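Enquirer: Turn this into a model:
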Amino acid sequence: MDIKRAKQEIKDTIEAYLAKDAFGEYRIPAVRQRPVLLMGPPGIGKTQIMEQIAKEMRIGLVAYTITHHTRQSAVGLPFIREKVYGGKTYSVTEYTMSEIIASVYDKMEQTGIREGILFIDEINCVSETLAPTMLQFLQGKTFGNQKVPEGWIIVAAGNPPEYNKSVREFDVVTLDRLKKIDVEPDFSVWKEYAYRQGIHPAVISYLELRKENFCRIENTVDGKRFATARGWEDLSQLIQVYEDLGKKADRDVVYEYIQHRTAAKDFANYLELFYKYKKDYGVEDILNGKWDQVTVQKIRTAPFDEHLSIISLLNGKLCEVFTECYRTDSCISKLYEYLICYRENQSTMMLEDVRRLAEKDLEEQKRSELLTREQERTLQRVIGILDRFSAELKGEMFIGDAAFDEIRDMFGRETEALDALTAHVSEALDNVFRFLEETFGESQEMVAFVTELNANFYSTWFIRENGCDLYYRYNKGLLFDDRQQDIMREMDEAEDMLNSGLR
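Expert: This is a model prediction of the structure:
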């Protein structure tokens, strides 16, 4: 299954394992709660989905890569204790608590959360001395003589043997005590994640054309050659920072992340063209409704891959403004919650108290490790706005009802700014639709554009909240009628011709 389905399957499993009966007992006793074993190629996102699951289900997470551990750190150190048996005293070997089990208790103390996930990565790559301990852990949920605390679900992950020479096969006895989930790479699922994470549009559009390079691992006489989802994401972040610094990622830089010579060379060439198209066609001008017939004609006569690159550039710029609108809207909504609290407690609270409350919420939620990066960013923006409000109030010496009226006016200006941003983004989206309509009409290029909008979390959010008549027209006309299959077949044939011509 793909990683998205695997994530949902793990969430469903954890929900079932944590379900309790009327007496507060787990409906599935711990002895029957099979550890989940997640198997898939490297870089596919196994660790990331565990972090997402823990935050979404608001439970704890303790994660270890087991290859970093020795038998002593996993099991504990031996010590001698005297015990009396049948009236005689004997020296008995016991073990200190496992570092891993201790970390679970530490996490409960730190966060106050009593249930969670104990995630062990690279479970099938342990050393020979640690292998029996791992089998005991999976079969009996113990390290040494300490059990995993009740309410903590074991999830383990590993790579199949073809990806790692250090892999140890599990025997049937062990496998019969696990819930095994096999994960395969799926670009369409990763693309949804890529848009949400802000992956560089050149990476997304390149992989749309070269899906075979998304996850590619080969054994050759010169060693392993590979490209992974992790590599593409890390390369994307480097490219974005390089752009801000005025630097370019050439073929050698790409190969540092995509260690497959053919794929690295191909992407480096594509990235050069991507930058060229961005400059030649004035993407930002198109969003602002500025283009001429010379540009339209030039694009019409360009090859199909150039059309797709231009659409990707337009989608990339739109994604930036969609994302900013989403984050601003989230910030205003959260700010409104704190100002409502201020209004209801105006007799006992000052605006500085509201600011301290927001800061306390941020600190507590960060400590509990349940805060996503997006939520953390939103709270930080809210605190910044409250700081600005406080400074303006102090500068004008407002007190009592006059202070509340001024704060209401300040908030009104923030909502007006959001309305202006929303109107700007709506106009930009309409401009892109009109440009594509004039340039391509109802064609596979328009299908590609609408399809990418549908795959992007931020664009679907914006359109759902604010509407777009042109989107609804083309979404219905191109994606959900009898012509869809014919147009998509044309796109596939064009891509096949393009790929065969470039090889």
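Enquirer: The stretch 101-250 of the chain: strands as residue ranges?
Expert: Under the criterion DSSP state E, counting those that start in this stretch, strands of the stretch 101-250 of the chain are mapped to 116-121, 142-143, 146-147, 152-158, 179-182, 216-220, 223-227.
Enquirer: Can you work out which other helices and strands pack against the last one?
Expert: What it means is strand 223-227. With contacts defined as 3 or more C-beta pairs under 8 Å, 6 or more residues apart in numbering; DSSP states H and E, the packing partners of strand 223-227 are strand 216-220, helix 261-281. All C-beta spots, glycine's among them, are computed from the backbone N, C-alpha and C.
Enquirer: Most tightly packed of the ones you listed?
Expert: Of all these, helix 261-281 has the most neighbours on average by mean count of other C-beta atoms under 10 Å, namely a mean of 17.
Enquirer: check contacts around the closest residue to residue 122 other than its chain neighbours.
Expert: Nearest residue to residue 122 in three dimensions, chain neighbours excluded: residue 67, at 4.8 Å (C-beta to C-beta, 6 or more residues apart in numbering). Contacts for residue 67 (C-beta atoms under 8 Å, 6 or more residues apart in numbering) come out as 122, 125-127, 166.
Enquirer: Filter the residues you listed down to the buried ones and hand me the ChimeraX line.
Expert: Applying 16 or more other C-beta atoms under 10 Å to the contacts of residue 67, the buried members can be selected in ChimeraX as follows:
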select :122,125,126
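Enquirer: Out of the contacts of residue 67, which one has the weakest pLDDT?
Expert: Confidence by pLDDT is poorest for residue 166 among these, given 67.
Enquirer: Residue 239 is nearest to which of the helices and strands packed on strand 223-227?
Expert: When those are compared by C-beta to C-beta, helix 261-281 sits nearest residue 239, at 7.4 Å.
Enquirer: Let's have the helices and strands packed on strand 223-227 in a markdown table, adding mean pLDDT and distance to residue 183.
Expert: Below are the helices and strands packed on strand 223-227 laid out as a markdown table (pLDDT from 0 to 100; distance: least, C-beta to C-beta, whole Å):
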| stretch | mean pLDDT | distance to residue 183 |
| --- | --- | --- |
| strand 216-220 | 80 | 14 |
| helix 261-281 | 87 | 21 |
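Enquirer: Need these in CSV (columns: distance to residue 12).
Expert: CSV is the format used below for those (distance: least, C-beta to C-beta, whole Å):
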stretch, distance to residue 12
strand 216-220, 30
helix 261-281, 36
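Enquirer: Select, out of the ones you listed, the one closest to residue 210.
Expert: With C-beta to C-beta, the closest approach to residue 210 among the helices and strands packed on strand 223-227 belongs to helix 261-281: 6.6 Å.
Enquirer: Would you mind giving the domain segments of this structure?
Expert: If you go by automatic domain parsing, the domain ranges for the chain are 3-69+102-184, 186-281, 283-503.
Enquirer: low-confidence ranges in the protein?
Expert: 68-74, 163-167, 395-401, 477-503 (pLDDT under 70).
Enquirer: so who does the spatially closest residue to residue 13 that is not a sequence neighbour touch?
Expert: Excluding the flanking residues, the one nearest residue 13 by C-beta to C-beta, 6+ apart is residue 36, at 5.9 Å. By C-beta under 8 Å, 6+ apart, the contact set of residue 36 is 10, 13, 153-156, 178-179, 181.
Enquirer: before we move on, what about residue 259?
Expert: 224-227, 231.
Enquirer: With neighbour count as extra columns, can I get those in CSV?
Expert: Shown next, in CSV, are the contacts of residue 259 (neighbours: other C-beta atoms under 10 Å):
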residue, neighbour count
224, 11
225, 17
226, 19
227, 26
231, 21
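Enquirer: okay if I get the residues you listed as CSV plus distance to residue 312?
Expert: Below are the contacts of residue 259 laid out as CSV (distance: C-beta to C-beta, whole Å):
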residue, distance to residue 312
224, 30
225, 26
226, 25
227, 19
231, 20
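Enquirer: what about stretch 277-294, distance to the chain center?
Expert: From the chain centre to the centre of stretch 277-294 is a distance of 31 Å (C-alpha atoms, centre = their mean, to the nearest Å).
Enquirer: I should have written stretch 311-322 there, sorry.
Expert: 19 Å.
Enquirer: Outside of it itself, which residues are in contact with it?
Expert: If you take C-beta under 8 Å, 6+ apart as the criterion, stretch 311-322 is touched by 195, 198, 200-202, 204-205, 208, 274, 277-278, 281, 283-284, 286-287, 421, 424-425, 428-429, 432, 435-436, 445, 448-449, 452-453, 456, 458-459, 461-462.
Enquirer: 6 Å instead, please
Expert: 201, 205, 278, 283, 287, 425, 432, 448-449, 452, 456, 458-459, 462 (C-beta atoms under 6 Å, 6 or more residues apart in numbering).
Enquirer: circling back: nearest to residue 113, out of the contacts of residue 259: which one, please.
Expert: For the contacts of residue 259, the nearest to residue 113 is residue 231 (33.5 Å; C-beta to C-beta).
Enquirer: With the flanking residues excluded, which residue is spatially nearest to the closest one?
Expert: residue 257 (4.7 Å).
Enquirer: for the closest residue in space to residue 113 that isn't next to it in sequence, what are its contacts?
Expert: Nearest residue to residue 113 in three dimensions, chain neighbours excluded: residue 60, at 4.4 Å (C-beta to C-beta, 6+ apart). Listed by C-beta under 6 Å, 6+ apart, the contact set of residue 60 reads 107, 111, 113, 116.
Enquirer: ok, now residue 178?
Expert: 34-35, 37.
Enquirer: Ok, residue 372 next?
Expert: residue 55.
Enquirer: residues contacting residue 64?
Expert: Residue 64 touches 100, 120, counting by C-beta under 6 Å, 6+ apart.
Enquirer: And what about it, helix, strand or coil?
Expert: With DSSP: H, G, I helix; E, B strand; the rest coil as the basis, the three-state label of residue 64 is strand.
Enquirer: which residues does it bridge with?
Expert: residue 120 (DSSP bridges).
Enquirer: ok, so what distance separates residue 42 from residue 158?
Expert: Note on residue 42: its distance to residue 158, by C-beta to C-beta, to the nearest Å, is 10 Å.
Enquirer: more crowded one of the two?
Expert: When residue 42 and residue 158 are compared for neighbours, residue 158 comes out ahead with 23 against 17, by other C-beta atoms under 10 Å.
Enquirer: Distance of the more buried one relative to residue 228?
Expert: 16 Å.
Enquirer: Then residue 62?
Expert: 25 Å.
Enquirer: Enumerate every residue touching residue 216.
Expert: 227, 260.
Enquirer: Can you point out the buried residues in the helix or strand harbouring residue 437?
Expert: Using DSSP states H and E, residue 437 maps to helix 400-439. Buried residues in helix 400-439, counted by 16+ other C-beta under 10 Å: 403-404, 406-407, 410-411, 414, 418, 422, 425-426, 428-433, 435-436, 439.
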